[in-house]
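Have a look at this prediction, sequence included:
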Amino acid sequence: MVPESEPGKSTATEDHVFYPPPELRTDAHVPDLETYKTMYKKSVEKPEEFWSELAKEFYWKSSPTGKFLDYNFDVTKGKIYVKFMEGAITNICYNIIDRNITEKNLGDKIAYFWEGNDPNDCLRISYKDLLKHVCKCANVLKKLGVKKGDRVAVYLPMIPELLYTMLACARIGAVHSIVFAGFSAESLCDRILDSQCAYLITADGFFRGEKMVNLKQIADEALEKCRDKENFAVKACIVVKHLGTRLKKMNNCNQLQISWNSDTDLWWHDLMANAAEVCEPEWLSVEDPLFILYTSGSTGKPKGVLHTVGGYLLYTAATFKYVFNYQPDDIYWCTADIGWITGHSYITYGPLANGATSVMFEGIPVYPQVDRFWEIIEKYKVTTFYTAPTAIRMLMKYGEEPVKKHNLKSLKILGSVGEPINPEAWMWYYRFIGNSRCPIVDTFWQTETGGHVMTPLPAAFPLKPGSATLPFFGVVPALLNEHGEELLGEAEGYLVFSQPWPSLMRTIYGNHERFESTYFRKFPGFYVTGDGCRRDKDGYYWITGRIDDMLNVSGHLLSTAEVESALTEHLAVAEAAVVSRPHPVKGECLYCFVTLRDGHDLTDALTTELRAHVREKIGPIASPDFIQSAPGLPKTRSGKIMRRVLRQIARNERDLGDISTLADPSIVEVLFSQRCQAAA
Ligand code: WT7
């Protein structure tokens, strides 16, 4: 499958292969390609056998009543559905906390080393501590009236209370809907309404580096915006005092002013003070919902991706174990935020399901110094480090000095997630962080897939920089052309999957029809990822990026439509079209064309205002880098904007292709001549 060529060249190419260090094979769960192939074959031919063996590691109060795996992927044959272990009863929180204490004797093991934004602000949370806090929180929620199936919106920074809340929801069968604390009031409001959340849990505020964020104020604005709307169901807002406590420590207690609504606001610490420390888990059906997590959709309205209890447990547990070759003494650190799927699956559920010790980090890579990541790796002797290409590219800019200040010898495995990793970043990561002895697992997956779907197994796979290599167990990829014909051998096409694995999303909350049309309508019989992909001569897969109107900014998806609709809400804007443009650190960034209403000019002040408007509507992640005034947009006679032309203009490339169908081809040259040279 992979050529036995010797590594040695310094530039990365498709033929440049890196082999796993032999010492990693000693206790590897999958020590070589042969073992992988045997296990893979079983996983796709006999999924029932494969997954039921893994299921033995967990507690099921009762066994499946029907087929172990039941699904339909073909829209022409009826409704799309996926069910694993139907009828079985369990509780994920019980499995990943209680059982580690009672069955595996890990009560005193550290579950999390929490490292705050400030280097001397840290905590150790053992499995026993975790259970206690989670149970208390679960009792608080129950007392407030939260019931099985209720949705709870969680808008918190990376603090332990975020873990406690999500796991407490899981314990009582409530459905958590975590909204990344970098999202705007408007985004939070949309998400609260879409799933009719009954409660909101937030914090007074937090520091991100030196910047103070008054989170409560944003949460208040969000509640204000949704209060009169039809779906509004929030009964109370629980507020964690986090920033207040930090400021007090710093003798800075006058700085934070938060408003308080005594009808609905409740302090977390008041509620927790008298809560009981024991809480019987709610026994749930494996196909009951575990959480909703919103991801961008190409229509602009975010999609509430729904994951269920049983399949998600099995798959996050299995991927964590195999992809990071998990060993009991490992110290694992994933730098993502729990507000994204990476944090759900690989800070909370996957590591806990394996009884692992993780680092949870509140801060940012460049505060107080640009060596913070390397300092933390040294401090906790991290063995497994999982981060995003955008972070690597940012840190590369500071050279090797900050890295060399630290002893990174504890590292065994490095990981990458969120977007294709460019070979330069891969090589830097490999050489300077891993000292050329740690495999990099380039994990391709999505909010929708719940866990890694294409990924190396570190002790078994020769690596090629930039390739996510081969499918994980149970995953069957195919490449299709525009007509839905399967492409074999070396080829490039739409990346699709032909059968489900346990943690594939089950639906879009409240909109099953959208679920079917987004992922299953285009090619009946397949789950469509929306990504392009190439298979090389060795059968390795290379993700080439999105082929829909989505773009990936710093490892997170945004839809051009949602940015366009934010822009056109501004009074000065008549029409907007947004495309992606490559960015040296973020991977991709936003390049916006705006047609202004009569009487408006794109002054610096207006540009600033438009950027601020988009940030306020969506969040800082959607901040446009380029805004160009466009007297007209390149449209076909039927009025469709030809985005590929705009992409060429944004990139200053002239591979325009056929533009004869444009209503007014002369606009193309006008736009070229006025393109933005520098970021706004
Ligand atoms: C999209 C999913 C997966 C968690 C974080 C993002 C891109 C993700 C890779 C990778 C190439 C990648 C894809 C995918 N992507 N990982 N290793 N190589 N592309 O989750 O926001 O749901 O985004 O991120 O385009 O479809 P998400």
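Yep, it's here.

Need the pLDDT of the closest residue to Thr316 other than its chain neighbours.
Of all residues beyond its chain neighbours, the one nearest Thr316 is Gly350 (3.9 Å), with distances taken as CB to CB, 6 or more residues apart in numbering. In this view, the C-beta of every residue, glycine as well, is placed from N, C-alpha and C. Turning to Gly350, the model gives it a pLDDT of 98.

Repeat that for Tyr386.
With respect to pLDDT, Tyr386 has a value of 98.

Quickly list what it is bridged to.
Cys334, Gly415 (DSSP bridges).

How about the contacts made by it?
Phe324, Tyr332, Trp333, Cys334, Thr335, Ala336, Thr342, Tyr346, Leu414, Gly415, Ser416, Val417 (CB atoms under 8 Å, 6 or more residues apart in numbering).

can you count the residues close to the first one?
When you say that, I think you mean Phe324. 31 (other CB atoms under 10 Å).

Equivalent analysis for the fifth one, please.
By the other CB under 10 Å criterion, the neighbourhood of Thr335 contains 23 residues.

Select from the contacts of Tyr386 the one having the most neighbours.
Phe324 (31 neighbours).

related to what we said a few turns ago, mind checking how far the residue nearest to Thr316 is from the ligand?
Distance, Gly350 to the ligand, using CB to the nearest ligand atom, to the nearest Å: 12 Å.

ok, the nearest residue to Gly450 once chain neighbours are set aside - contacts?
Spatial nearest neighbour of Gly450, chain neighbours left out: Ser503 (3.0 Å); criterion: CB to CB, 6+ apart. By CB under 8 Å, 6+ apart, the residues touching Ser503 are His307, Gly311, Tyr312, Leu314, Tyr315, Thr316, Ser345, Thr449, Gly450, Gly451.

Just the ones in strands from those, please.
His307 (DSSP state E).

Pull the most distant pair out of the contacts of Ser503.
Pairwise distances across these (CB to CB) peak at 13.6 Å, for the pair Leu314 and Thr449.

which regions of the stretch 201-350 of the chain lie under the pLDDT threshold?
Residue ranges of the stretch 201-350 of the chain with pLDDT under 70: 252-255.

which parts of it sit against the ligand?
Thr295, Trp340, Ile341, Thr342 (CB under 6 Å from any ligand atom).

now the helices: where do they sit in the stretch 551-680 of the chain?
Per DSSP state H, counting those that start in this stretch, the stretch 551-680 of the chain carries helices over the ranges 560-568, 604-617, 643-651, 666-673.

Val286: which of those helices is closest?
helix 560-568 (33.5 Å).

so where does Pro402 fall, helix or strand?
Element membership for Pro402, per DSSP states H and E: helix 401-404.

quick one: buried residues of that helix?
Pro402, Val403 (16 or more other CB atoms under 10 Å).

sec struct for Tyr326, please.
The local conformation at Tyr326, judged by DSSP: H, G, I helix; E, B strand; the rest coil, is coil.

How much space separates the closest residue to it other than its chain neighbours from Leu290?
In space, and not counting its chain neighbours, Tyr326 is closest to Asn354: 5.2 Å by CB to CB, 6+ apart. Distance, Asn354 to Leu290, by CB to CB, to the nearest Å: 18 Å.

which of these two has more neighbours?
Remark: of Asn354 and Leu290, Leu290 carries more neighbours, 29 against 23, as counted by other CB under 10 Å.

and the more buried one, what helix or strand is that in?
strand 289-295.

Provide the strand pairings for that strand, with the direction of each partner.
strand 175-178 (parallel), strand 303-308 (antiparallel).

Rebuild those as TSV, extending it with mean neighbour count and distance to Asp194.
Listed next are the strands paired with strand 289-295 as TSV, based on neighbours: other CB atoms under 10 Å; distance: least, CB to CB, whole Å:
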stretch	mean neighbour count	distance to Asp194
strand 175-178	25	9
strand 303-308	25	6
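
Look up which helix or strand the residue in the stretch 451-600 of the chain that the ligand sits nearest to falls in, please.
Of all residues in the stretch 451-600 of the chain, Ile543 sits closest to the ligand, at 3.6 Å by CB to the nearest ligand atom. Per DSSP H and E: Ile543 is located in strand 541-546.

Residues in a beta bridge with Phe444, which ones?
Going by DSSP bridges, Phe444 forms beta bridges with Met454.

for the chain, longest helix please?
helix 127-144 (DSSP state H).

If you count neighbours, what's buried in that one?
Here helix 127-144 shows 127-142, 144 as buried, counting by 16+ other CB under 10 Å.

Show me what the next helix or strand after it is packed up against.
Note on helix 127-144: by DSSP H and E, the next helix or strand toward the C-terminus is strand 151-155. Contacts defined by 3 or more CB pairs under 8 Å, 6 or more residues apart in numbering; DSSP states H and E place strand 151-155 against helix 160-172, strand 175-178, helix 185-194, strand 199-203, helix 215-226.

And the strands in the stretch 451-600 of the chain, which stretches?
477-480, 486-487, 491-497, 507-508, 527-535, 541-546, 550-553, 556-559, 573-583, 587-596 (DSSP state E, counting those that start in this stretch).

Show me what from the protein comes close to the ligand.
So far as CB under 6 Å from any ligand atom goes, the chain lies against the ligand at 295, 340-342, 417-420, 442-447, 468, 529-531, 543, 546, 552, 555-557.

run the last query once more with 8 Å
Residues of the chain lying close to the ligand by CB under 8 Å from any ligand atom are 295-296, 336, 340-342, 388, 416-421, 442-449, 454-455, 468, 529-531, 543, 545-546, 550, 552, 555-557.

Please pull out the lowest mean pLDDT helix or strand from this protein.
helix 243-249 (a mean of 86; mean pLDDT, DSSP states H and E).

and the next element down the chain from that helix?
Counting by DSSP H and E, what follows helix 243-249 is strand 265-267.

next one: that following strand to chain centre, how far?
29 Å (CA atoms, centre = their mean, to the nearest Å).

ok, residues contacting that strand?
By CB under 8 Å, 6+ apart, strand 265-267 touches Ala236, Cys237, Ile238, Val239, Lys241.
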